[in-house]
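dropping a prediction and its sequence here:
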Amino acid sequence: MGSRGASERTFPWRLVLLLGCAVAAISWIIAVDVVRLRRAVETTDTKPVFAGAIAALCTAAWLGTMAAQRRSGSRQQASVRTWMVIGWLVAVFFALIATHSRRGYEPGRGELTSAVEVGVVTYLTVIAGLFIVGIVALFWWQHRANRPITHDPDDLVEVWRVEPSAGDRRRKPYFEARCECGWSGQHIYETTPGARSKAFAIAHRHGSHVVPELFQD
């Protein structure tokens, strides 16, 4: 190992391009729907707008709960949650088709004439906006997580035995090498033959200052 090194990862350009096109298309739909909602609010009540926005925020909280619980509970409960999300996606699809005809994007046509239409379009617009915010936040987090790590020769490297928590996708205890520079090594399950020795070998390959004691997490 040299005096200073960096880990390199391939940047997913194809995924970024695909998501960029999706975000651009959704942003265009949001811009058009905001104009439609503004015209509708001028002639109707604003209560459906607030109702749709609140419903969208509650849906976002519900989806977040589903995501947090995806690894917990029984297989039957996971199946029920999956079908609930699929049912919601189907409902959103039909709501999108019903409220977004081709003529709806032409000025003076496709106006939102009922409170239900205003509420549904508001709901879809807020959901789409939260989706874009989530995509941007995810890429920002991934960018920070994938930044090259600079290792200093004096950094201490430790080996930990980790007991998985209830929400951890790793169901069995494992060993993991960790460094002060922020690097972490491959997870090696405790049931693997020679797991502890392999974890220490990974630690020694990363740095020369390896703490001989095993830490417990």
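Looks like it arrived, so ask away. Residues are numbered from 1 along each chain as shown.

could I get the buried residue list for the top helix by length along the chain?
Of all segments of type helix in the chain, defined using DSSP state H, the longest is helix 115-145. The neighbour-count check on helix 115-145 (16 or more other CB atoms under 10 Å) flags 115, 117-129, 132 as buried. In this view, the C-beta of every residue, glycine as well, is placed from N, C-alpha and C.

for the chain, where's the lowest mean pLDDT among helices and strands?
strand 5-6 (a mean of 39; mean pLDDT, DSSP states H and E).

before we move on, back to that, give the next helix or strand downstream of the longest helix of the chain.
strand 150-151 (DSSP states H and E).

contact partners of the next helix or strand after that next one?
For strand 150-151, the succeeding helix or strand toward the C-terminus, using DSSP H and E, is strand 157-162. Identification of contacts with strand 157-162 by CB atoms under 8 Å, 6 or more residues apart in numbering yields 170, 173-180, 187, 190, 196, 199-200, 203-204, 206-207, 209-211, 214-217.

paired strands for strand 157-162, with orientation please.
Using DSSP bridges, strand 157-162 pairs in its sheet with strand 174-179 (antiparallel), strand 210-216 (parallel).

how about Val49: what's its closest non-neighbour residue?
Nearest residue to Val49 in three dimensions, chain neighbours excluded: Thr122, at 4.9 Å (CB to CB, 6 or more residues apart in numbering).

ignore what I typed, I meant Thr191.
That would be Lys172: by CB to CB, 6+ apart, it lies 6.2 Å from Thr191.

tell me how far that neighbour lies from Ala195.
Look at Lys172 and Ala195: by CB to CB, to the nearest Å, they are 10 Å apart.

please tell me how far the residue sitting nearest the centre point of the chain sits from Val16.
Geometric centre of the chain, nearest residue: Leu138, 5.4 Å, by CA atoms, centre = their mean. Distance of Leu138 to Val16, given as CB to CB: 11 Å.

can you name every helix or strand that the host helix or strand of Val32 contacts?
Val32 is part of helix 13-41, with elements assigned from DSSP H and E. Packing partners of helix 13-41 (3 or more CB pairs under 8 Å, 6 or more residues apart in numbering; DSSP states H and E): helix 115-145.

chain center to the helix it packs on: distance?
In terms of CA atoms, centre = their mean, to the nearest Å, the centre of helix 115-145 is found 12 Å from the chain centre.

quick one, that helix and helix 13-41 angle?
If you take axes from the mean of the first three to the mean of the last three CA atoms, to 10 degrees, helix 115-145 sits at 150 degrees to helix 13-41.

helix 115-145 packs against which elements?
So helix 115-145, by 3+ CB pairs under 8 Å, 6+ apart, packs with helix 13-41, helix 47-68, helix 75-99.

any chance of those in CSV, plus mean pLDDT and distance to His151?
Formatted as CSV, the helices and strands packed on helix 115-145 follow (pLDDT from 0 to 100; distance: least, CB to CB, whole Å):
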stretch, mean pLDDT, distance to His151
helix 13-41, 84, 27
helix 47-68, 90, 33
helix 75-99, 88, 39
